[in-house]
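Student: Have a look at this prediction, sequence included:
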Amino acid sequence: MRWTRLTLIITEAFVAVSAFAAGAMFVLEPSGRLMGMTEATLARSPFRSYLVPGIVLFTVVGGTQALAAWAEIRRWPRAGWLSVTAGAVLAGWIAVQVAMIGLGHPMQPSLFVVGGVIASMGWRQRPQA
C-alpha cells in the first residue's frame, strides 16, 4: 500500500496546487481573462462571472485535495476517507461543470477520471474493520 499512499500524496498535492492557482486567477480576474476564458462560456450557467466558481474551486476543490494530501502525509487514521471525499468532490466539480457549460476541454474528462482514481485509491487506504 506504500505506492498507493505516495501516489495519493503526489496526485492530491498537484490537483490542490492547480485548483488553488486556477481559483485564485478567477477570483483576481472574474472575467476569466487570466485563464483564457470568456464570460460567454457561462451563458448556460447561473453565473455572470467566474468569481463564485473561482472561490468554490479554490476553497472546496483545492481545500479538500490539500487536506487529503496532508492527512496522508501525517498518516491520519481517516486519511483514506478524506481521499475518497477529495476524489468525489473533484469528480463532482467536473460533472457539474460539464452540465453547466458543456464539454469544452480535454482536461474535463481527464480530471473526472483523476477524481475517480483518487477516490478508489483512498478506498484502498481506509482502515479495515
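Tutor: Alright, I've got the coordinates. The shown structure was predicted, so the numbers you read here are calculated from the model rather than taken from an experiment.

Student: C-alpha from now on. contacts and neighbour counts both.
Tutor: Noted.

Student: which strands and helices sit next to the longest helix seen in the chain?
Tutor: With secondary structure taken from DSSP state H, the chain has its longest helix at helix 2-28. Applying 3 or more C-alpha pairs under 8 Å, 6 or more residues apart in numbering; DSSP states H and E, one finds that helix 2-28 contacts helix 51-56, helix 63-74, helix 107-125.

Student: Recalculate using a threshold of 6 Å.
Tutor: Contacting helix 2-28 under the criterion 3 or more C-alpha pairs under 6 Å, 6 or more residues apart in numbering; DSSP states H and E are the following elements: helix 51-56, helix 63-74.

Student: tell me the most buried of these?
Tutor: helix 63-74 (a mean of 22; mean count of other C-alpha atoms under 10 Å).

Student: Now do it against helix 107-125, angle only.
Tutor: Counting by axes from the mean of the first three to the mean of the last three C-alpha atoms, to 10 degrees, helix 63-74 lies at 40 degrees to helix 107-125.

Student: orientation of helix 63-74 relative to helix 2-28 in degrees?
Tutor: Angle, helix 63-74 to helix 2-28, by the same axes, to 10 degrees: 150 degrees.

Student: Quick check: next helix or strand after helix 63-74?
Tutor: Next along the chain after helix 63-74, taking DSSP states H and E as the criterion, comes helix 79-101.

Student: Thr59: neighbour count?
Tutor: Other residues near Thr59 come to 18 when the count uses other C-alpha atoms under 10 Å.
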